[in-house]
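*Asks:* Okay, sequence plus prediction incoming.
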Amino acid sequence: MLGLMQDYPLLVQTILDHAALNHGEREMVTRSIEGPIRRYTYHDLRIRALRVAKALQKEGIGLGDRIATMAWNTDRHVEVWYGIMGLGAISHTVNPRLFVEQLIYIINHAEDKMLFVDLTFVPIVEAIAKQLPSIKKYIILTDDQHMPETSLPNAHAYETWLAASDADFEWLSFDENTAAGLCYTSGTTGNPKGVLYSHRSNVLHSLMCNQPDVLGVDSRDNVLPIVPMFHANAWAITFSIPAAGASMIMPGAGMDGKSIYELLESEKVSASAAVPTVWLGLMQYLADNDLKLPYLKRVLIGGAACPRMMIETLENDYGMEVIHGWGMTEMSPVGTTGKLKNATEHLQGDERINLKLKQGRTPYLVEMKIVDDQGNDLPRDGVTSGHLLVRGPAVSSGYFKIDGDILNKDGWFDTGDIANIDSLGYMQITDRDKDVIKSGGEWISSIEIENTAIGCAGVAEAAVIGIAHPKWTERPLLIIVRKPDADVSAEQILAYLDGKIATWWMPDAVEFIDEIPHTATGKIQKMILREQFGGYQF
Ligand code: ADP
């Protein structure tokens with residue numbers, strides 16, 4: 001027997017309707033690409049998003065069409081994003097940091113019909129436009145006054161294009177499983193793969209992210225999503241903030257410590273989210289200028305492991321709550337967050353930090369488990385590590401236009417991460433499966449060594465790779481980038497690690513290089529390091 005409840009499709013445009021009707025006075029604040037701070041309300045945001053949808057429809061865009069954006073987190077980007085989705089078209093957020101070949105590949109693979117581009121990225125697009133036959137129109141996210149000279153064919157200033165449409169438009173209604181967003185993984189090996197979010201998965205994921213044990217913002221919060229919309233939906237924040245009625249503060253292109261600090265202060269930001277590198281920049285700026293952040297209460301840090309000293313400094317010196325999160329593009333992207341719970345909130349000092357260093361627990365709507373190489377379930381004992389599998393309504397079931405099953409027979413997705421899970425449900429990533437170091441039949445966690453090494457004075461960045469060893473199969477090599485002007489030595493770094501990691505994890509050697517290669521999402525490209533140090537002998 002079926003229940004007698006309404007068949008109310010979970011569509012993302014209903015989030016904007018809700019925000020405009022019930023929190024219409026709350027603000028959308030943007031550091032514009034042109035320079036000044038721009039502000040309006042959720043009421044205005046909805047009207048402008050409706051105008052985008054109407055303008056797109058006039059262009060012949062409809063259900064299932066892919067529209068690309070290459071843009072920072074701004075009000076205009078959010079308008080376009082809702083406008084596209086509210087029409088049943090698909091918002092393809094392109095990561096401008098991808099290599100040129102990857103940009104050409106994904107835009108062609110997605111067959112995007114239009115591209116909305118920020119002023120900053122116009123030169124990137126100009127350089128590849130001839131190789132993007134599917135794009136029929138370019139909309140530059142600015143007004144006439146700031147419109148640049150451009151070689152882009154059929155290019156228009158956004159404000160002028162938008163001015164030709166009013167808001168007399170109704171969102172389309174369709175099945176909640178309709179595709180809403182497309183985001184390609186950066187693809188450390190092979191071509192990038194398209195993750196195709198649905199309206200339903202986005203709505204459920206944003207409700208999930210608003211649980212108190214995840215980011216849990218409410219209608220009194222002012223939230224600054226620093227993590228870009230092109231990096232897996234800005235971790236759902238562009239959906240979950242308006243759903244909660246919190247104000248949205250957008251950093252635009254200002255990702256440096258000073259710009260971020262100014263917005264946090266002037267807009268009394270209470271919650272924010274970014275990858276560790278951004279927090280490093282902010283912490284440096286705060287320290288250099290002897291500043292505090294009295295309004296900022298919680299920060300979500302993820303995308304890469306959060307180093308110990310970051311949690312210590314932000315919590316102890318600045319009084320913030322650090323929420324360490326883990327996830328991936330294929331998970332919409334949030335998978336776990338490491339908030340304390342009833343059984344752990346009494347922890348103090350090192351024990352507390354050790355727990356916070358773990359990647360955390362799954363909220364309701366994500367399931368995870370670890371398995372061995374044969375796929376057998378492993379215990380949640382906090383020690384045994386294995387392949388981390390996940391499933392849930394906001395986890396991918398396949399990649400866009402790629403045949404083949406990506407789930408096992410029970411519907412689990414292999415994250416490619418190696419982790420342990422403790423009896424309270426806290427998960428700890430120890431490695432990527434392709435980066436794992438096998439020494440004497442045991443696994444060494446390169447991530448843990450790296451995070452510890454970062455705490456040593458003079459170390460800017462650390463990477464650990466396995467080097468072939470005649471007796472132990474592999475042994476760790478620690479690769480270090482020194483801070484500018486630092487002269488920290490191998491001996492000093494090893495002495496620093498001594499006692500902080502297991503003795504048999506101690507790197508057999510330390511090498512110094514000028515720069516560690518990164519992917520477009522800021523991850524260390526170990527494959528390149530392994531090539532660079534191919535044939536290395538201890
Ligand atoms: P990419 O496109 O580079 O794969 P994702 O953002 O999807 O980008 O990357 C997901 C991966 O990032 C995870 O599988 C994991 O390896 C890593 N990651 C994310 N958050 C954390 C974290 N808090 N600690 C350690 N690794 C993390």
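*Replies:* Noted; the coordinates are in hand. All of these numbers come straight from a predicted model, not from anything done at the bench.
*Asks:* Contact residues of the chain facing the ligand?
*Replies:* Residues of the chain lying near the ligand by C-beta under 6 Å from any ligand atom: 185-186, 232, 302-305, 324-326, 328-329, 333, 359, 415-417, 429, 432, 519, 521, 523. C-beta here means a position set from N, CA and C on the backbone, and glycine is covered the same way.
*Asks:* now do 8 Å
*Replies:* Proximity of the chain to the ligand, by C-beta under 8 Å from any ligand atom, involves residues 184-188, 192, 231-232, 301-306, 324-331, 333, 359, 415-417, 429, 432, 447, 519-521, 523.
*Asks:* Filter those down to the buried ones.
*Replies:* 184-188, 192, 231-232, 301-306, 324-331, 333, 359, 415, 417, 429, 432, 447, 519-521 (16 or more other C-beta atoms under 10 Å).
*Asks:* Which members of these are positioned in strands?
*Replies:* 184, 301, 324-327, 415, 417, 429, 432 (DSSP state E).
*Asks:* Which two among the residues you listed are spaced furthest apart?
*Replies:* The distance between the two most remote of these (C-beta to C-beta) is 25.5 Å, for 184 and 324.
*Asks:* Contacts only, for residue 149.
*Replies:* Shown in contact with residue 149 (C-beta atoms under 8 Å, 6 or more residues apart in numbering): no residues.
*Asks:* Next one: it, what pLDDT does it get?
*Replies:* In this model, residue 149 is scored at 97, pLDDT.
*Asks:* And for residue 124?
*Replies:* So, for residue 124, pLDDT stands at 97.
*Asks:* three-state assignment of the residue nearest to it when sequence neighbours are not counted?
*Replies:* Sequence neighbours aside, residue 96 is the residue nearest to residue 124 in space, at 6.0 Å (criterion: C-beta to C-beta, 6 or more residues apart in numbering). Under DSSP: H, G, I helix; E, B strand; the rest coil, residue 96 falls in the coil class.
*Asks:* Residue 96 and residue 70 touch, don't they?
*Replies:* Yes: with contacts counted by C-beta atoms under 8 Å, residue 96 reaches residue 70, the gap being 5.1 Å.
*Asks:* Would you mind telling me which of those two has the busier surroundings?
*Replies:* Neighbour totals were compared for residue 96 and residue 70, and residue 70 leads with 24 against 17 (other C-beta atoms under 10 Å).
*Asks:* tell me the contacts of that one?
*Replies:* 94, 96, 115-118, 121, 124-125, 230.
*Asks:* any idea which of those is the one closest to the ligand?
*Replies:* residue 230 (10.9 Å; C-beta to the nearest ligand atom).
*Asks:* ok, the closest one - how many residues close by?
*Replies:* 24.
*Asks:* Please name the residues that touch it.
*Replies:* Per C-beta under 8 Å, 6+ apart, neighbours of residue 230: 69-71, 93-96, 183.
*Asks:* Show the average pLDDT along stretch 499-518.
*Replies:* Computed over stretch 499-518, the average pLDDT equals 93.
*Asks:* May I have the distance across it, first residue to last?
*Replies:* 30 Å (C-alpha to C-alpha, to the nearest Å).
*Asks:* Report the buried residues of that stretch.
*Replies:* Those would be 500-501, 505-507, 509-511, 516, 518, for stretch 499-518 by 16+ other C-beta under 10 Å.
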